[in-house]
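>>> Could you work out the structure for the sequence below:
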Amino acid sequence: MTIEDKNGIKTGVIQNLILENRQKLSISGVNDVLSFDDQVVMVDTELGLLTVKGENLKINKLSIDTSEVIVEGNIGHLSYSENSGEKEKASLISRIFK
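Prediction:
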C-alpha cells in the first residue's frame, strides 16, 4: 500500500524534496512562496503547504518556470499541512510583481 492509497489521495503529481546534509533543500512542484524569513519558509506546493524551519534560512533559487525552490541554511524541521486559509494571504510572488 502506497502513501497515496493510505491517505486516499490520487493526485498524479510528482514532487521531490532533496535534503543534503541538513543544509540544502531542493523542492520541486512549487506553486508559490507564501512567506519567508531566516527561521521559517512557507511554500505552497502541489501536495499542500510545506513549512521549513531552521536557522539562517535563505532562498537560494526560485524558479517559477521549473516550479523549483532551493532553501539553504541549518534545516531542522519539515512539515506538510493543508492549504486551507493560506491561499487568502498575499503571496511573495504576487507582492513582488504588482
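>>> Could you say which helix or strand holds the most centrally placed residue in the chain?
The chain has Val43 as the residue nearest its centroid, 3.3 Å off, counting by Cα atoms, centre = their mean. For Val43, the element it lies in under DSSP states H and E is strand 40-45.
>>> ok, now Lys58?
strand 48-63.
>>> After that strand, which helix or strand is next?
Next along from strand 48-63, by DSSP H and E: strand 68-81.
>>> ok, that next one: who's next to it in the sheet?
Using DSSP bridges, strand 68-81 pairs in its sheet with strand 24-28 (antiparallel), strand 48-63 (antiparallel).
>>> would TSV of these with mean neighbour count be doable?
Every C-beta, even on glycine, is put in place using the N, C-alpha and C of the backbone. Shown next, in TSV, are these (neighbours: other Cβ atoms under 10 Å):
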stretch	mean neighbour count
strand 24-28	18
strand 48-63	16
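>>> Can you lay out those as TSV showing distance to Asn16 and mean pLDDT?
Formatted as TSV, the strands paired with strand 68-81 follow (distance: least, Cβ to Cβ, whole Å; pLDDT from 0 to 100):
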stretch	distance to Asn16	mean pLDDT
strand 24-28	5	96
strand 48-63	12	94
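>>> Minimum distance to Gly76: which of the ones you listed has it?
Among the strands paired with strand 68-81, the nearest to Gly76 by Cβ to Cβ is strand 48-63 (4.5 Å).
>>> Pull the residues that contact that closest one.
With contacts defined as Cβ atoms under 8 Å, 6 or more residues apart in numbering, strand 48-63 is touched by 17, 24-25, 27, 33-34, 36-44, 68-83, 86.
>>> Can you select the buried ones among the residues you listed for me in ChimeraX?
Buried members of the contacts of strand 48-63, defined by 16 or more other Cβ atoms under 10 Å, are picked up in ChimeraX with:
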select :25,27,33,34,36,41,42,43,44,69,71,72,73,75,78,86
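>>> tell me the contacts of Lys24?
By Cβ under 8 Å, 6+ apart, the contact list for Lys24 reads Asn60, Ile70, Val71, Glu72.
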